[in-house]
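Student: missing the sequence, but the structure's below:
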Ligand code: NA
Ligand code: NA
């Protein structure tokens, strides 16, 4: 499974970058989100993955027993997800605002100020 | 001593804030150089007695930068010139400058400049020397650009700064290289380590750097062209900078470093060639100038070339000649400049084709200029004669090169004599044009300084021996034989006298035969495209064009190009490393077995990703994104991360909602790029994905000891009283992260609010 | 005993879900797909959740499962209504065998308000 | 959006969701959940309400601007993080009451911290969505 | 009516307390037990209490009716889905409401939607009419009658 | 030594920000709170600096958990110095903002965001945990996003799109790197990583992660060829905002590079080569970019890039001496770039434009102010003995020592072009008479009240004074930088301080 | 046949097949509304899968995810419908 996940992560990164190279702002944003997902999965994967053992201490125990999923990557991803939610929300709104001001979604037309180079 | 050096800077600050508009107050600043002159003169006996007076002040010991000042013959010569001519220039400037409201600033700059020059010549620490070196560049920048309203003036200032400052940076490299090799910045120490330096593999580099600094500063060919441009400065500035100070800094440096780096053929020949060529070139050029200051500028360049040539010869005689000529040149050139200024001031013209007969309205000036011209030509009983004598003496004792050098110097000297005559006689000879008839006579304070200089030229011409102790001290400082006889006016009839005579007469004949004319100037202008000036300006223009092109290429305003560059850069670096790491075989045995539901989720996810990439409907793309998110969420569930799954799910839903709200009024996707670009992008993206996959795979293969997560697993309940270990990490073990994370959310919310609510209309002022 | 209950429940539930999936794939128009799927799936999931409740037979978990069923029952029809309504706005094509459509033309294009008038009913009723 | 069914549904879903969000908040230390998801769920309750009733109505219903929850929550988290420092301990050191409280379990600074997170997330999500909805 | 319900709940808690078992099943058992006790006690009392004890059986019967309809209709649809040929005769029907309050409409709509074959598309803004998508439409009037006498009547009987 | 109070500047910024949010829309109160808060923080930061200087590295373990189990905050001399400088720059910008930022921007959260940004910077300097560093970086970028877009018009928003995208990309790369690092070592604590990374046998793989870190931080610090976002965005927001950006934002990337590549990774020859190439290319391309620019802030933007090259050069040469130079430059650059953008803002206030072709005559009209600005400009150029000069000594000297002649050439070219463009700028903006003489009295600087003028000018003067101190008191800065450089290269005390048992 | 084998080898695969079928509808469309319905159904099946998975692994913890899905998935559908209804017809 790890191998398939590795390939999946690669695909997420690849598709994310491909989307980011497009001219549409919306696609750019979607690409960033995809890469973000890829990064999260990557972190998840490099912690030891195993099936069905959440890092929650069972009722009658005081510590995790046997095999359990590594809790640290999970905590990291949680933080990363939340942060990227904030960033994404902001970026989405920025996109909207830029569209309102410039009237276009085409990134190639957003360089009116780069004349003085 | 420190005070003496820094007093200029202090006064510079002082003058900035005290206006000196009222009458005689203008002359107060002149007391600064005067008192300094007196101060330095008091050390004369010790210095001429062969002593070196040292003053040490600690400044930045961490970098070996100490304010060590050394007063030896060389420093003394320059100090006296700087302060002496300085005094006269101060007085002159006070009378000369018409814009009284700005005069305090002028003196401020001038004082700064003087202090910088003093510091330069007195420093025993090469780095400190360099600091003052740059200060002279900067302060001269302000002085040259004094007439700020004229574009030409501003341009000359920038050009002068660019050349001298640029050379300065190279000099800095040289200084640091010398410091590194000689493990000290003290000139004394470096002199002692001279052999080490010369044998070091980077000796050539050192020379290159030092020469770059000295040649740019002293306007050697091909860096000479800033100097004529710098004539845009007010005349007192020209007089000061180009006779005794600024341009002599390079000379000083070469002189100073002669015992450190000199004596090697490379040093000598480079200096001789560059100096000689500059001498010839500039003296020839001066033939064609019609602007008084232009003539002086080129003759100055030529004189500098001559001195460099002399230093390059590197014998005691040549050092002696150089030392004397420096003084000679300072005296007559300053006088000529000042006279030029008076003429300019009085009749508002410096055009040699028009000026004549001015002796009738300014006799004292005419006399002063005349004497200066004679000294320049080397007529007996002027100091110039002694100088010429010594020069021929020096060139004739250079062994193999004696004839060539002497010939060269002879030709150049004739031309220079001509230049001197032109500048000193021409404006005063002949009939006075009508237009100038009722010009007011210049005041004493204007003609006094040049007259004094002329008198000094004569004085030393009559009594050359008086200058001997100082000059000898200079020679010994430069590493020459200190035991020299006194200077004498009369050596008897010999070849040298003959040469001197030829020079004087030749120059005079030339003066009689040639009339400066605009046509000659225009003739010379035809060669302008081949000149060094054009070359450098063209180079600068070319660099600008290249930079413009280059910047436009890079910073082209297309975000996706930027990202392609960034990703490609990353990929190049990563691939370079990863090539060595490609595994031979893959071991699947240690991996988690693949289940049916895993495969289904993966298939769905992969398809959704492709739909997302290629759909033309925005809504479909958002739904696909949601499916990708939900699939990840399921993966999280399968692999034991319920917290993650919950969060991922909520966030994905919210993101979809956000997108919905925002996308409502956006236009649909357009197919904007062509197929070739898409393929290129796809290839780059695929490589990126592959590289990340490979890294992830390699990392999975590495054994890891997860002691920290073991600690959490064991202690989450006992120490932090929580059973959901992830949550315990989030609120306790790594709680700070969470605190910051909600701060991020807060900021994002503020941002969203402000961005949508705050709309500054375009008419509103910022 | 409980094992059999669980098996039966989950089998039945899964079957309904499968039917819903086949339905969504096969049905000829949007409304039919919507109609088939929303409830068959809800019923199916409900059964699966019910069998899980039997499996865990623990108050905390059981209430949780019942809560999920309740949520689904409360939200699924609303969701179906929302999509159905939206689809009608966007002019989704109906199956050719559709008998009649009383909703046609009842929406105000601007305000999206829905009238209750039955004026055209007779004409539409084929 | 002018749908009676959605409007009615949101009326009973709102309290259910909020109740659920508090549930999620309180049990986060023991089982999946926590302030973050809790806050999101609570926010979603109101988002749903605004979809059904329109933003104005939801604002009226909520009475105060959701943004107010942000600094309050942030302060709460900050205080629970800083209080240990007054006891000379590090930032974020967990402080616990000795006796467990029914329903919630042990009460410690972590709970207040989570509550702060809950408020912030609630306020952030809601104010973002409201702002966006208003400007669309 | 609320009084009765609260009483009922209170008694269930007492039962739970007495038995000392906090299990959900136990509570449920206590609830049913106390329900019958209360019902026996309130034979001759006011209409308010009567309403409460009438309603519970109605709810239970409604639930069973709903489940019956659900399974029946689901099987019908399932059969149609699985077999190659479609027997459907879909239509969108205008259904005049007897129910008036929003809550009633909502509940009715949910229930109608949850049974296969029928799907509420919308409610008119004056709350008088439901628009229902029907999969198996035979006769419009009989369908409306069937709904009115079936779900709507039973539901209103519980709610009112 | 353990000291829970090292985190105080961060917390105070947060507290101030919260207070400011409570004072939403109350412009006057916000100004006062912000300036007061910054003042207190500067004093605090100075106290912290003194403490670190005297006692050595101070640490705080978040939650009281011993390293590497909790989150470590560590203040070594570098952190403390940067915090102090950040505090000073922040205070200057806050004062300047009182008159330099329009009322409606303040009403929409300008001040709280600035404090969040400063908080993020301080936090990043203190972070002893790599993921914590990431989180701080996010605070920084989101605040900068907000500031970048605040009240933005078209150019500002267009710039913001570039800025946001590339910073998000950098964050993702950074996050990827962290994930991989965790996968390799199972740890996040930087001191712990230092130990664990050294034990990994697959060195090549270690360097692969190092490359990811380099590129991630490289984008943030705007090095070649990753700097694109900078020139297209820094010239768009109001000057006070640009000042924080120009002064501090790219520097935090450099800080991270310095920290990561001394504490966690020891670059191999390939990476050093890459550093050298990138440093040289940054210097040259930045300088070339600045050539021929006609907009002051655009010119300054390219100069920022160019000068980042010096700092990277110090890292690239990877000797203590070179690092000393880089650090010295870093300190100098923070102060001067902040000041330069404030000055650009002042010029804009005076003349109403950033275009050099339209500007002119500032020297004639405001001679004293011009001289202050001149001091700044010449410090930037590195005219000795001003502050920009000294660090170059180390860098040039070290590149000569190591025979990195291409880097040397780059440094010289960059210095030369900087000097040239600044001289031209001076001639154009200060000497030249303006082409169009507009009625500036009515609209510009002159129309402001005396108090407001002082609010604008005082920060500039104060920062100039600091710059001058750095130049003339270079001894102090040099000693400081040397000490930091030693600390960076001999990081055992840092590790010991982090792992010091609880007392 | 044990309960585990039954759930793992029969129920889960059938659910997976259902997922695939629904996903094919998503791919086919044809209308965006169809995709929304497909998404909604995917979620519902997802809840079922999680439930069965929690049975298989004997981890009731996963059911929390199912609750969240049941509660919040609804919002997504509402939002999509909202969008479908409100958008200008430009796709
Ligand atoms: Na059929
Ligand atoms: Na139905």
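Tutor: Received the coordinates, thanks. Just so we're clear, the structure is a prediction, and the values are computed from it rather than from any experiment. Ligands and ions are numbered 1, 2, ... in the order given.

Student: Near ligand 2, which residues of chain E are found?
Tutor: E:113, E:115, E:118 (Cβ under 5 Å from the ion). In short, each C-beta sits where N, CA and C put it, glycine included.

Student: Could you list which of these belong to helices?
Tutor: residue E:113 (DSSP state H).

Student: which one among the residues of chain E next to ligand 2 gets closest to residue F:81?
Tutor: Nearest to residue F:81, judged by Cβ to Cβ, of these is residue E:113 at 67.5 Å.

Student: Which positions in chain A make contact with chain G?
Tutor: When proximity is defined as Cβ under 8 Å from any Cβ of the partner chain, chain A approaches chain G at A:51, A:52, A:53, A:54, A:56.

Student: got the residues you listed as JSON lines, with secondary structure, pLDDT and distance to chain D columns?
Tutor: Converted to JSON lines, the residues of chain A next to chain G look like this (DSSP: H, G, I helix; E, B strand; the rest coil; pLDDT from 0 to 100; distance: Cβ to the nearest Cβ, whole Å):
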{"residue": "A:51", "secondary structure": "coil", "pLDDT": "85", "distance to chain D": "17"}
{"residue": "A:52", "secondary structure": "coil", "pLDDT": "81", "distance to chain D": "14"}
{"residue": "A:53", "secondary structure": "coil", "pLDDT": "86", "distance to chain D": "14"}
{"residue": "A:54", "secondary structure": "coil", "pLDDT": "89", "distance to chain D": "7"}
{"residue": "A:56", "secondary structure": "strand", "pLDDT": "89", "distance to chain D": "6"}
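
Student: I'd like the residues you listed laid out as JSON lines, including distance to ligand 2 and neighbour count.
Tutor: Below are the residues of chain A next to chain G laid out as JSON lines (distance: Cβ to the ion, whole Å; neighbours: other Cβ atoms under 10 Å in any protein chain shown):
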{"residue": "A:51", "distance to ligand 2": "38", "neighbour count": "17"}
{"residue": "A:52", "distance to ligand 2": "37", "neighbour count": "18"}
{"residue": "A:53", "distance to ligand 2": "41", "neighbour count": "16"}
{"residue": "A:54", "distance to ligand 2": "37", "neighbour count": "30"}
{"residue": "A:56", "distance to ligand 2": "39", "neighbour count": "26"}
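
Student: And these, which is closest to residue F:47?
Tutor: Closest approach between the residues of chain A next to chain G and residue F:47, by Cβ to Cβ: residue A:56, at 44.2 Å.

Student: Roughly how far does the closest one sit from residue G:47?
Tutor: Per Cβ to Cβ, to the nearest Å, residue A:56 is found 20 Å from residue G:47.

Student: residue contacts, the residue nearest to residue F:293 when sequence neighbours are not counted?
Tutor: The shortest distance from residue F:293 to any non-neighbouring residue, by Cβ to Cβ, 6 or more residues apart in numbering or on different chains, is to residue F:299 (4.0 Å). Remark: with contacts taken as Cβ atoms under 8 Å, 6 or more residues apart in numbering or on different chains, residue F:299 is in contact with F:290, F:293, F:356, F:421, F:425.

Student: ok, 7 Å please
Tutor: By Cβ atoms under 7 Å, 6 or more residues apart in numbering or on different chains, residue F:299 lies in contact with F:290, F:293, F:421, F:425.

Student: which element is the last one on?
Tutor: Taking DSSP states H and E as the criterion, the element that holds residue F:425 is helix F:405-425.

Student: near chain B at all, that helix?
Tutor: Yes - contact between helix F:405-425 and chain B, assessed by Cβ under 7 Å from any Cβ of the partner chain, occurs at F:408, F:412, F:415, F:416, F:419, F:420, F:423, F:424.

Student: Skipping adjacent residues, who's closest to the residue nearest the centre of chain E in space?
Tutor: Centroid check for chain E by Cα atoms, centre = their mean gives residue E:62 as the closest residue, at 4.8 Å. What sits nearest to residue E:62 in space, not counting adjacent residues and going by Cβ to Cβ, 6+ apart, is residue E:154, at 5.2 Å.
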